[in-house]
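Student: give me a model of this one.
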Amino acid sequence: MKRPGAAVATLTYLGFALQLVQVGLLPLLPAIGRDLHTSPAGTSWILTSGLLSGAVFLAVLTRLADLIGKKPVILLAMGLVLAGCLIDSFATNLPLVLLGRVLIGAQLPMLALPEAIANDTMPPKQAHTAISAIHVGTGLGVAAGLLLGAAVGVHWHVFFMCGAVASLLGLIATAVFVRDSPERARGGLDVPGAVLLTLALVALLLGLSQGPSWGWGSAQVLGLLLGGVASGGLWWWRERVARHPLLDVSYLLRPQVALPYAMTFLMAFGIYGSLSAVTRLAQTPVSAGFGYGWNSLAAGWFAVPQAVGSLLGIVVLRTLRPCGLVLTSAAAFVLITIGFAGFAFGHAVPLVELIALGFDSMGLATGLAATQLLVLRAVPAAESGIALGLSVVLYAVGNSLGSAVFGVLFASIRTPAGIPGLNAYLAGFAACGLCAVIGLVLCLPLARRLRTAPAVLEGAAV
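Tutor: Numbering: from 1, shown residues only. Next up, the predicted model:
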């Protein structure tokens, strides 16, 4: 690669820009709903539409990237995000906003493709650094999104204009500085497999996201969840018999891949609790007996430990690199556990919550990078796109499930004033902390497996 520094900076920026566009929308939803005269249920579809379209893009684009090249698919995805941001910059009604959000859903595969192209085009040590930097960029993007959303306030069109500029810069930088992967997968796009994977993801994510409003025992939600599981089973069978599958699912039976996937899921489960729930707790009126009574602008302070923790994550990764990726993952889960312990036991003190978020953010930046590097070590480079795409699947499902658990707790444990009670937050923090402890335990069998089978598959760069 002629300009490796520029390529690393560009790939890192992609993670930053796309998380900014995704997370910055969250504090703006009430303002968008008021301006468009939309009900809370209609407003929720602004988030859900992007999540569902992202599932479709994820199933198709990550495999397409392995077949035709990762750079052109990154450019396509960035172009779709840019178009979606432009539409929403001028949208005056809900259908147009939803159309823009559907196109912005193309950002979901971008949680995998920058790491995959770094793996394929850089020497192992440099790829390790690049992938670590990309995850730091995503953490900084979360922080920047929170700040931007709080800063623009009711002027939500400005947010999407900023998103369009950020996407355009990423598209241009990718075209100029990033070299395409030389690796290509054999065969073609398994259309039946892509359809089944899409159906499974859409059904599961829609069921989890709409459970709080439709009712967890409703026929719609139960049908979606059962249908998602059934579609996932059919997808597995299809991949076992297809001549050119989306992914050789025999990899998924290997502990070297299955355990990092499980660890990614467990980390993602706690993301809602570590940011959205903590921010909501801070904005709870003091009259409730807990919470700080902060407004949305004051809650922007949570962006500071998010940013600092993400930056420190790359320090942890570089420090622990000689010790191996499993020990690095274990350290990440320890940091995440400390974070949730801080949330639970220090909920009455804002400074403790801010420090706890710093630990959690450091652990997430470290752990997500380490688990993706573990996956890349275990699969051929020609399948790195779809392999990391499935890692993003586990990330999205884990995040949605964690959000659903908090939704159930918020709905079932309430104060006399009708707001979520303190025990709802504490139970959610405990569940997220337990997931981190389970992830830490999973590092033990993974370490034993890698000691007995240390060889990297042919074609894997990292």
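Student: what's the span of stretch 99-109 from first residue to last?
Tutor: 18 Å (C-alpha to C-alpha, to the nearest Å).
Student: which residues touch that stretch?
Tutor: 18, 21-22, 46-47, 49-58, 61-62, 65, 73, 76-78, 80-81, 83-88, 91, 160, 163, 389, 392, 396 (C-beta atoms under 8 Å, 6 or more residues apart in numbering). Glycine gets a C-beta too; all of them are placed from N, C-alpha and C.
Student: contacting residues for residue 342?
Tutor: 352-353, 355-356, 359.
Student: distance of it relative to residue 355?
Tutor: In this view, residue 342 and residue 355 are 6 Å apart by C-beta to C-beta, to the nearest Å.
Student: kindly report the same for residue 58.
Tutor: Noted for residue 58: a distance of 34 Å to residue 355, by C-beta to C-beta.
Student: then residue 51?
Tutor: Taking C-beta to C-beta, one finds residue 51 at 31 Å from residue 355.
Student: these two: who's more crowded?
Tutor: Legend: neighbour count by other C-beta atoms under 10 Å for residue 51 and residue 355, higher for residue 51 (22 against 18).
Student: so the more buried one is in which element?
Tutor: Element membership of residue 51, judged by DSSP states H and E, is helix 40-68.
Student: buried set for that helix?
Tutor: 43-46, 48-67 (16 or more other C-beta atoms under 10 Å).
Student: what's the answer for stretch 93-106, then?
Tutor: Under 16+ other C-beta under 10 Å, the buried positions of stretch 93-106 are 94, 97-106.
Student: residues in contact with the nearest residue to residue 343 once chain neighbours are set aside?
Tutor: Ranked by C-beta to C-beta, 6 or more residues apart in numbering and with sequence neighbours excluded, the top spatial neighbour of residue 343 is residue 429, at 4.6 Å. Contacts of residue 429 were listed using C-beta under 8 Å, 6+ apart, and they are 273, 277, 340, 343-344.
Student: buried residues in whichever helix in the chain runs longest?
Tutor: When the chain is parsed with DSSP state H, its longest helix is helix 422-452. By 16+ other C-beta under 10 Å, the buried positions in helix 422-452 come out as 422, 424-429, 431-433, 435-436, 439-440, 442-443, 446-447, 449-450.
Student: could you give the average pLDDT over it?
Tutor: For helix 422-452, mean pLDDT is 92.
Student: what's the answer for stretch 306-326, then?
Tutor: Rounded mean pLDDT across stretch 306-326 is 88.
Student: contacting residues around it?
Tutor: So stretch 306-326 is contacted by 128-129, 132-133, 135-136, 138-140, 142-144, 146, 275, 327-328, 331-332, 335, 357-366, 369-370, 373-374, 377, 443, 446-447, 450 (C-beta under 8 Å, 6+ apart).
Student: and the contacts of residue 429 as TSV, adding secondary structure, pLDDT and neighbour count?
Tutor: Shown next, in TSV, are those (DSSP: H, G, I helix; E, B strand; the rest coil; pLDDT from 0 to 100; neighbours: other C-beta atoms under 10 Å):
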residue	secondary structure	pLDDT	neighbour count
273	helix	83	27
277	helix	87	24
340	helix	96	27
343	helix	95	28
344	helix	94	18
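Student: now those as TSV including distance to residue 182?
Tutor: Output for the contacts of residue 429, formatted as TSV (distance: C-beta to C-beta, whole Å):
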residue	distance to residue 182
273	41
277	44
340	42
343	45
344	49
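Student: low-confidence stretches in the protein?
Tutor: 1-3, 41, 452-462 (pLDDT under 70).
Student: which element, helix or strand, includes the closest residue to residue 327 other than its chain neighbours?
Tutor: Using C-beta to C-beta, 6+ apart and skipping residues adjacent in sequence, the residue nearest residue 327 is residue 320, 6.0 Å away. According to DSSP H and E, residue 320 maps onto helix 303-320.
Student: and that helix, C-alpha only, in CSV?
Tutor: The C-alpha trace of helix 303-320 is given here as CSV (Å, rounded to 0.1, in the frame of the first residue of the first chain):
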residue,chain,number,x,y,z
ALA,A,303,-19.6,11.8,25.6
VAL,A,304,-16.4,12.7,27.4
PRO,A,305,-15.7,9.3,29.1
GLN,A,306,-16.9,7.6,25.9
ALA,A,307,-14.3,9.4,23.9
VAL,A,308,-11.5,9.1,26.5
GLY,A,309,-12.2,5.4,27.1
SER,A,310,-12.2,4.7,23.4
LEU,A,311,-8.8,6.4,23.0
LEU,A,312,-7.4,4.4,25.9
GLY,A,313,-8.6,1.2,24.3
ILE,A,314,-5.9,1.4,21.7
VAL,A,315,-3.3,1.8,24.5
VAL,A,316,-4.6,-1.4,26.1
LEU,A,317,-4.5,-3.2,22.7
ARG,A,318,-0.9,-2.1,22.0
THR,A,319,0.2,-2.9,25.5
LEU,A,320,-1.3,-6.4,25.5
